[in-house]
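Trainee: Predicted model and sequence below, questions to follow.
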Amino acid sequence: MRATMRRRVGLVAGLGIAVALWTALLPTSLDALWPWAPPEVGSAMGRVGQVVDWLLQPTIAYLGLVALAVWAGRRRLYRLAAHLVLSVVLTFSFTTLLKATVRRARPETPWLGVLDAHASYPSAHSSALTALALGVIVLAVVARFSRRRTLALAVVGAVLVLTVWADRLLLHVHHVSDVMAGSLVAGLAVAMSWLLTDRRLSGPPEPVGVVAYAVVANPARVRDLALLRRLVDDAATARGWRGVGWFETNADDGGAGAAREAVDAGADLVLVAGGDGTLRA
């Protein structure tokens, strides 16, 4: 088992132990971190809390993850798409199982409304929003977004998670330990999903020396050429390959001219992207 896989297995095991210990010991002393009473029924603050509660509900978070999976699938990032869908399944399953097992009563609050799920632990809002935030970060890393863009998405995700924590505590529909547990459960679900969808169980490929490569692409058949360039160039750089350029086909050239340009530029290896039988080299 390669080192990366061992680290991922260790992460899943560590998070699993953390969730088990948190559930068994249930650190209720943390609940004192939110000493404030819920807002009065009909108050402006309470109504704002209800709006935030609706906007950040689990259903919307899970639909967001499914939408990200569709985005990834349409760009042939199938492993990422599978990971995002499995994250939804595992997060929902773990949260539901713990609610049914622990059956912790909710705090006294007038803001439950028509809510019929009286199990407080863990917070489903917290777990769903955390899974969404982590899913966005994973997508940004896999799609090779810039560091600044990835960091910005991570900050936005953290703010959303903290917002849903504060909102659930404001309305007194959860204890502090419930919302924290929700994020911990989501972390376990996302890590397990990434492990289960990783088919690269063998080690990295053997180095073959420096290769000068070029890519001939049909822009009409590649949905996101900029994304493809980032993925290919990053993988090639990791292997020590040297890129000599990307060459696009057009209506008058099915690929032969672009391939000649690539060879003339010094390419030892010419890759083809967007081929559906229309590329000719």
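Mentor: Structure's in. What do you need?

Trainee: quick one, helices of the chain?
Mentor: Applying DSSP state H to the chain gives helices spanning 3-25, 44-55, 58-74, 78-102, 124-142, 147-170, 176-196, 225-238, 256-264.

Trainee: residues in contact with the third one?
Mentor: Here helix 58-74 makes contact (CB atoms under 8 Å, 6 or more residues apart in numbering) with 78, 80-82, 84-85, 87-88, 91-92, 124-125, 127-129, 131-132, 135-136, 139, 142, 223. To be clear about C-beta, it is placed using only N, CA and C from the backbone, and glycine gets the same treatment.

Trainee: State the number of residues packed around the nearest residue to residue 134 once chain neighbours are set aside.
Mentor: Residue nearest to residue 134 in three dimensions, not counting chain neighbours: residue 190, with 4.5 Å by CB to CB, 6 or more residues apart in numbering. By other CB atoms under 10 Å, 27 other residues sit near residue 190.

Trainee: circling back: Throw the helices of the chain into CSV and include distance to residue 32, thanks.
Mentor: Shown next, in CSV, are these (distance: least, CB to CB, whole Å):
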stretch, distance to residue 32
helix 3-25, 16
helix 44-55, 21
helix 58-74, 27
helix 78-102, 20
helix 124-142, 18
helix 147-170, 12
helix 176-196, 8
helix 225-238, 47
helix 256-264, 66
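
Trainee: Nearest to residue 273, out of those helices?
Mentor: Closest to residue 273 of these, according to CB to CB: helix 225-238, at 6.0 Å.

Trainee: contacting residues around that closest one?
Mentor: Helix 225-238 is contacted by residues 75, 143-144, 211, 213, 215, 217, 219, 222, 243, 246, 271, 273 when judged by CB under 8 Å, 6+ apart.
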